[in-house]
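In: Let's see this in three dimensions:
(one chain, ligands or ions: 2)
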Amino acid sequence: MSRSWLSASNLNRSYDHGPNRVHAVRDLNLHIARGEFLSIVGASGSGKSTLLNLLAGLDTPSSGTIEVDGVMLGELEPRELARYRARLVGMVFQSFHLISHQTALQNVELALYFSDVGPTERRERALETLDRLGLSDRVDHRPAALSGGEQQRVAVARALVKEPEVLFADEPTGNLDRKNSEQIARILMESHARGLTIVLVTHDSEFAAKCSDRTVTMDYGRLVSENDSPRVRHDTA
Ligand SMILES: Nc1ncnc2c1ncn2[C@@H]1O[C@H](COP(=O)(O)OP(=O)(O)OP(=O)(O)O)[C@@H](O)[C@H]1O
Ligand SMILES: [Mg+2]
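Out: Ligands and ions are numbered 1, 2, ... in the order given. Modelled structure (predicted):
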């Protein structure tokens, strides 16, 4: 069994909503190996996006800990946490979060802005990644002039362009037809084969089974599938 690289221990996230408290994530324990491709499935409202935001360091747990490569996220200074997000994490948001007044190309380039990459290479890499996603002829379009599926692919390009160590992808094929879903599946599997750790949230259990090493299920904030130990990673050497 491979060692855990990213782990969540006794993780809770609740929201106070008027007089009610919503327990979006409850007592969750999860261990992910470096280079693993994990899928998370579960009903709408079961806490999948909440969990992904916590693992990506975009949200803070109500209690419990997240450890990445031996470092506790909760113990990082804000600047170090920002560096974790900027350098290690690629995130595909369920609702894309593209910048509306920037073109597809500028949205993807921006992901490299906080790295050491210069402007010429930023542009080259952004164009190359958009091309991989079949968007070469849409690079000058702003999000409003892109279809939902095209925006989703720009969001995937933005997450992959900086070659992160871990990709968190929240329903990256939610708006795509079969052909484009298969293209995203292929790109994720290629990136995985090169060593990228992937945590994929999807409603599509067939997609999860096809792409990933392991699938876990969330239900009312808990992980209900008992198989929550990392599997031995694929040897890509
Ligand atoms: N800011 C918030 N305030 C109050 N409740 C929230 C907030 N964000 C999420 N929730 C609640 O937490 C629960 C989990 O939400 P989450 O978005 O993680 O679900 P999900 O599994 O991603 O669902 P979906 O498949 O529909 O995207 C839901 O019941 C939701 O209503
Ligand atoms: Mg969600």
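
In: C-alpha only now, for contacts and for neighbours.
Out: Fine.

In: Give me the residues contacting stretch 108-126.
Out: 86-87, 105, 154-155, 157-159, 161-162 (Cα atoms under 8 Å, 6 or more residues apart in numbering).

In: Give me the buried positions along it.
Out: Within stretch 108-126, the residues that count as buried by 16 or more other Cα atoms under 10 Å are 108-112, 122-123, 125-126.

In: which of the residues you listed are close to ligand 1?
Out: When Cα under 6 Å from any ligand atom is applied, no member of those is adjacent to ligand 1.

In: Quick check: which element contains Ile184?
Out: In the assignment (DSSP states H and E), Ile184 maps to helix 178-193.

In: and the helix or strand that that helix is followed by, what does it pack onto?
Out: Next helix or strand after helix 178-193 toward the C-terminus (DSSP H and E): strand 197-201. Counting contacts by 3 or more Cα pairs under 8 Å, 6 or more residues apart in numbering; DSSP states H and E, strand 197-201 packs against strand 37-42, strand 166-170.

In: and strand 197-201, which strands flank it?
Out: The strands beside strand 197-201 in its sheet (DSSP bridges) come out as strand 37-42 (parallel), strand 166-170 (parallel).

In: ok, that strand near ligand 1 or not?
Out: No: shown here: strand 197-201 not in contact with ligand 1 (Cα under 6 Å from any ligand atom), separated by at least 8.1 Å.

In: What ranges does this protein have for its strands?
Out: According to DSSP state E, the chain carries its strands in the segments 4-17, 20-33, 37-42, 63-68, 71-72, 89-92, 166-170, 197-201, 214-219, 222-223.

In: got TSV for those, with mean neighbour count too?
Out: Shown next, in TSV, are the strands of the chain (neighbours: other Cα atoms under 10 Å):
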stretch	mean neighbour count
strand 4-17	17
strand 20-33	18
strand 37-42	25
strand 63-68	19
strand 71-72	13
strand 89-92	24
strand 166-170	25
strand 197-201	26
strand 214-219	20
strand 222-223	22
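
In: where are the low-confidence patches of the protein?
Out: 1-2, 226-237 (pLDDT under 70).

In: Give me every residue in it lying close to ligand 1.
Out: Residues of the chain lying near ligand 1 (Cα under 6 Å from any ligand atom): 15, 17, 22, 24, 43-50.

In: related to what we said a few turns ago, as a markdown table, the contacts of stretch 108-126 with neighbour count would be great.
Out: Shown next, in a markdown table, are those (neighbours: other Cα under 10 Å):
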| residue | neighbour count |
| --- | --- |
| Ala86 | 18 |
| Arg87 | 18 |
| Leu105 | 25 |
| Val154 | 30 |
| Ala155 | 26 |
| Ala157 | 29 |
| Arg158 | 28 |
| Ala159 | 24 |
| Val161 | 21 |
| Lys162 | 26 |
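
In: So which of these is the closest to Asp131?
Out: Of all these, Ala157 has the smallest distance to Asp131: 9.1 Å, by Cα to Cα.

In: Isn't that closest one up against Leu130?
Out: Yes: using Cα atoms under 8 Å, Ala157 makes contact with Leu130 at a distance of 5.9 Å.
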